[in-house]
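**Q** Sequence and predicted structure, then a few things I'm wondering about:
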Amino acid sequence: MRPGKLMSIMPEETASAKAARLKKIIAGLQRTYPEAHCELNFANPLELLVATILSAQCTDQRVNLVTATLFQKYRSAADYANADLAALEKDIKSTGFFRHKAKHIQACCRAIEEKHQGKVPRTMAALTQLDGVGRKTANVVLGNAFGLNEGIVVDTHVARLAQRLGLTQQSDAEKIERELIPLVPRAQWTLFSHWLIWHGRRRCGARKPDCAGCEIAKWCPSAGRV
């Protein structure tokens with residue numbers, strides 16, 4: 001049964017009850033994944049920005065394989081901005097959609113060079129003005145490269161688990177984020193995404209969630225139903 005359909009037949013939950021339940025979910029995830037972190041390899045904000053752009057429709061493992069050599073070749077925004085586009089495409093080809101990604105990375109880095117003195121900007125407004133950078137990518141960079149909790153990363157794992165956990169019935173990423181923000185303590189916004197992503201990868205898969213082994217099943221309205 002799809003999460004959205006499941007929630008439509010569940011009893012209505014008060015805001016206070018949802019908040020109390022989410023507090024237990026967060027505690028359970030924190031106990032289960034105390035080491036949760038961004039699984040993209042990076043050494044600075046630019047590397048994380050490029051890796052996040054490459055991660056669209058691609059696994060973190062594949063991106064990390066590509067960036068292991070990519071980051072040796074391109075060390076600054078200027079390097080990407082001045083690169084031969086065909087060569088850049090070849091360097092990132094195995095991540096998929098490489099032509100679009102190469103164009104986004106190059107245009108993004110040109111703007112960083114021209115408007116931000118070669119440094120990745122530290123605000124949501126400035127980041128989302130860069131080519132190929134939406135709110136999700138900006139949240140990844142702000143939270144993990146700069147330690148700034150400006151929003152909650154909503155990728156496919158976070159969206160799926162937020163629905164299954166009965167935290168939202170929305171399917172649009174930005175609408176899901178807007179519903180999660182008042183529920184999750186701001187200090188935990190970045191970690192909350194990591195906890196859900198790790199749980200989605202290790203326990204709550206899209207096709208075969210391991211409800212029997214799930215550490216937070218007792219607080220999940222979808223447990224045993226998906």
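**A** Right, received. Where do you want to start?
**Q** Only C-alpha atoms from now on, for both contacts and neighbour counts.
**A** OK.
**Q** and Q163, how many neighbours?
**A** Around Q163 there are 23 other residues, counting by other C-alpha atoms under 10 Å.
**Q** So which residues make contact with stretch 124-141?
**A** Stretch 124-141 has contacts (C-alpha atoms under 8 Å, 6 or more residues apart in numbering) with 45, 48-49, 52-53, 101, 104-105, 107-108, 111-112, 120-121, 142, 149-155, 174, 190.
**Q** lowest-confidence helix or strand of the protein?
**A** Within the chain, no helix or strand scores below helix 3-9, which has a mean of 46 by mean pLDDT, DSSP states H and E.
**Q** and after that one, which helix or strand comes next?
**A** For helix 3-9, the following helix or strand on the C-terminal side (DSSP states H and E) is helix 15-32.
**Q** ok, and for that next one, which residues are buried?
**A** 18-19, 21-23, 25-26, 28-30, 32 (16 or more other C-alpha atoms under 10 Å).
**Q** Over to stretch 80-93?
**A** Burial within stretch 80-93, assessed by neighbour count using 16+ other C-alpha under 10 Å, is assigned to 80-81, 85, 88-89, 91-93.
**Q** First-to-last residue distance for it?
**A** In stretch 80-93, first residue to last residue: 15 Å (C-alpha to C-alpha, to the nearest Å).
**Q** quick one on the thing from earlier: what would the buried residues of helix 15-32 look like in TSV with distance to L65 and pLDDT?
**A** Below are those laid out as TSV (distance: C-alpha to C-alpha, whole Å; pLDDT from 0 to 100):
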residue	distance to L65	pLDDT
K18	40	94
A19	40	92
R21	39	97
L22	36	97
K23	36	97
I25	33	98
I26	31	98
G28	32	98
L29	28	98
Q30	28	98
T32	27	98
